[in-house]
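Enquirer: no letters, just coordinates:
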């Protein structure tokens, strides 16, 4: 959206990388370590309701493997949408902290599958996802930008990260 500042129009350039195509799989690691999958990515692992989180230190690759909910290391996959199938969310704060995965910014990657797992190559720089860069207050001074375009992370169940 353009706005008028000092008698001139100020335009923002739309970066199409900020909004992935709905049909293209994407995995986002949010600032607090929550992993979100869009519908296409979740379908790549059969819309699993529980997953195991894996990490390949040599390749710097994170993987989500469908698991039976009785598996001792299974994490629940929660719906990120109240309007039916859509974004899927896994609380992975302990996982990202344990492996030192950078969560200083929300980032999105194009995943790949390997041996039935949904994988993200962290050695490839993910697209940083931000909200509006600056919002203008009534006085015309910039205000703080929004944290991320992804929905707020759900409150985590401490038993998920045990």
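Expert: Looks like it arrived, so ask away. If you're wondering where the values come from, they're calculated on a predicted model, not measured in any experiment. Residues are numbered from 1 along each chain as shown.

Enquirer: pLDDT weak spots in the protein?
Expert: Within the chain, the stretches with pLDDT under 70 are 1-7, 16-22, 81-85, 131-162.

Enquirer: burial check on residue 100, number of neighbours?
Expert: For residue 100, the count of nearby residues is 9 (other CB atoms under 10 Å). For glycine as for every other residue, the C-beta is placed from the backbone atoms N, C-alpha and C.

Enquirer: distance of it from residue 113?
Expert: Applying CB to CB, to the nearest Å, the value for residue 100 to residue 113 is 25 Å.

Enquirer: kindly report the same for residue 52.
Expert: Here the criterion is CB to CB. By it, residue 52 lies 15 Å from residue 113.

Enquirer: looking at the two, which has the bigger crowd around it?
Expert: The residue with more neighbours, out of residue 52 and residue 113 and counting by other CB under 10 Å, is residue 52; that gives 17 against 13.

Enquirer: state the helix or strand in which that one lies.
Expert: Residue 52 is part of strand 50-56 when elements are defined by DSSP states H and E.

Enquirer: tell me who's in contact with the residue nearest to residue 62 when sequence neighbours are not counted.
Expert: Leaving out its chain neighbours, the residue that sits closest to residue 62 by CB to CB, 6 or more residues apart in numbering is residue 120, at 4.8 Å. Taking CB atoms under 8 Å, 6 or more residues apart in numbering as the contact definition, residue 120 lies against 27, 29, 61-63, 109, 111, 126.

Enquirer: got a list of what the nearest residue to residue 92 once chain neighbours are set aside touches?
Expert: With CB to CB, 6+ apart as the criterion, residue 92 has its nearest non-adjacent residue at 4.8 Å, and that residue is residue 35. Contact partners of residue 35, counting by CB under 8 Å, 6+ apart, are 27-29, 53, 62, 64, 89-90, 92.
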